[in-house]
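>>> Sequence below, structure please.
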Amino acid sequence: MYNQIENGNDWTDQGGNNVEIENEMENKNKTILAQKANFLIKENIEKTWTENISRDTYGSQSGAQI
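Here you go, the predicted structure:
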């Protein structure tokens with residue numbers, strides 16, 4: 001038996017090529033999601049600091065809250 005279908009993925013018994021491709025794509029997707037999450041967190045921190053600096057400048061509120 002050369003191929004078996006499991007959970008919609010084609011797993012190869014000889015050499016495991018398909019399994020390696022699936023794992024590589026999954027890792028790339030995880031990396032992309034992590035990069036997006038880090039960008040959004042950084043963007044939110046910058047926005048929070050900017051808002052708080054603006055408040056400090058105009059005296060309505062003091063201190064950065066993250």
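>>> contacts and neighbour counts: CA atoms only from here.
Fine.
>>> pLDDT weak spots in the protein?
1-19, 57-66 (pLDDT under 70).
>>> Do a quick rundown of the helices in it.
Under the criterion DSSP state H, the chain contains helices at 17-58.
>>> And Ile41, how far from Ala34?
Taking CA to CA, to the nearest Å as the measure, Ile41 falls 10 Å from Ala34.
>>> An error on my part: the question was meant for Lys28.
Computed as CA to CA, the Lys28 to Ala34 distance reads 10 Å.
>>> try Leu40
On the measure of CA to CA, Leu40 and Ala34 end up 10 Å apart.
>>> What of Ser54?
30 Å.
>>> repeat for Ile53
28 Å.
>>> Compare those two and say which is more crowded by neighbours.
Ile53 (16 against 12; other CA atoms under 10 Å).
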